[in-house]
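**Student:** Provided below for reference: sequence and predicted model.
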Amino acid sequence: METIKVARLVKSEDLNHHGTLFAGRMAEWFVEACFIWGAKHTGKPENIVCVNIHGLTFTQPGNRGDVINLETRLAKVGRTSFTVYGKITKNDSHEILSDGFITFVFVDEHGNAAPHNIALEEPVDDEDIEIRKRALNLR
């Protein structure tokens with residue numbers, strides 16, 4: 001399946017008391033980017049519920065003026081749940097600032113888990129294979 005790419009500009013209002021990107025803002029952008037993947041591929045954003053954010057560790061700060069790049073792709077599927085992998089880089093670097101997984105459940109109009117009909121296709125590259133191995137070990 002295709003990846004979804006989202007970019008965000010770090011502005012003054014996104015900074016913490018250290019003058020770097022607030023982790024809460026980065027987490028918000030991360031969840032939003034992963035949700036966009038699910039919304040696009042189910043066609044029913046109103047039926048998607050976030051149930052678990054699996055780790056989000058930051059290796060370096062984001063600074064005012066940086067462009068934060070979020071890339072998401074499907075990592076794992078169940079009958080009613082699906083897990084999206086997200087990777088965060090900044091500017092033109094390929095160095096990963098943070099990455100993690102989010103599990104969503106697809107629900108019906110009554111809030112009950114329902115089949116989403118997303119299929120996990122064959123891996124497209126070595127990164128896909130590694131992401132899927134990591135996703136199998138999530139709790």
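**Tutor:** On my side now, so go ahead.
**Student:** Tell me the helix or strand right after the lengthiest helix in the chain.
**Tutor:** Longest helix of the chain, by residue count under DSSP state H: helix 23-42. Sequence-wise, the next helix or strand downstream of helix 23-42 (DSSP states H and E) is strand 48-54.
**Student:** That next one pairs with which strands, parallel or anti?
**Tutor:** Strand pairing for strand 48-54, using DSSP bridges, gives strand 98-106 (antiparallel).
**Student:** Now the element after the strand it pairs with, going C-ward?
**Tutor:** Sequence-wise, the next helix or strand downstream of strand 98-106 (DSSP H and E) is helix 126-136.
**Student:** quick check: angle from that following helix to strand 48-54?
**Tutor:** Interaxial angle of helix 126-136 relative to strand 48-54 (axes from the mean of the first three to the mean of the last three C-alpha atoms, to 10 degrees): 90 degrees.
**Student:** What are the contacting residues of the longest helix of the chain?
**Tutor:** Contacts to helix 23-42, defined as C-beta atoms under 8 Å, 6 or more residues apart in numbering, come from residues 1, 4, 6, 8, 14, 16, 45, 48, 50, 53, 56, 58, 62, 68, 70-74, 82, 84, 86, 88, 98, 100, 102, 104, 106, 116-118. The way it works is simple: take the backbone N, C-alpha and C, and place the C-beta from them, glycine included.
**Student:** hmm, 7 Å instead?
**Tutor:** For helix 23-42, the surrounding residues in contact (C-beta atoms under 7 Å, 6 or more residues apart in numbering) are 1, 4, 6, 8, 14, 45, 48, 50, 53, 56, 58, 62, 68, 70, 72, 82, 84, 86, 88, 98, 100, 102, 104, 106, 116, 118.
**Student:** Export it to PDB, keeping only CA atoms.
**Tutor:** The C-alpha atoms that make up helix 23-42 are tabulated as PDB, following Å, rounded to 0.1, in the frame of the first residue of the first chain:
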ATOM      1  CA  ALA A  23       6.800  16.900  22.200                       C
ATOM      2  CA  GLY A  24       3.100  17.200  22.600                       C
ATOM      3  CA  ARG A  25       2.800  19.100  19.300                       C
ATOM      4  CA  MET A  26       5.000  16.400  17.600                       C
ATOM      5  CA  ALA A  27       2.800  13.700  19.000                       C
ATOM      6  CA  GLU A  28      -0.300  15.500  17.800                       C
ATOM      7  CA  TRP A  29       1.100  15.700  14.300                       C
ATOM      8  CA  PHE A  30       2.200  12.000  14.400                       C
ATOM      9  CA  VAL A  31      -1.300  10.800  15.400                       C
ATOM     10  CA  GLU A  32      -2.900  13.000  12.800                       C
ATOM     11  CA  ALA A  33      -0.600  11.700  10.000                       C
ATOM     12  CA  CYS A  34      -1.300   8.100  10.900                       C
ATOM     13  CA  PHE A  35      -5.000   8.800  11.100                       C
ATOM     14  CA  ILE A  36      -4.900  10.300   7.600                       C
ATOM     15  CA  TRP A  37      -3.500   7.000   6.300                       C
ATOM     16  CA  GLY A  38      -6.400   5.200   7.900                       C
ATOM     17  CA  ALA A  39      -9.000   7.800   6.700                       C
ATOM     18  CA  LYS A  40      -7.700   7.600   3.100                       C
ATOM     19  CA  HIS A  41      -7.600   3.800   3.000                       C
ATOM     20  CA  THR A  42     -11.000   3.100   4.700                       C
END
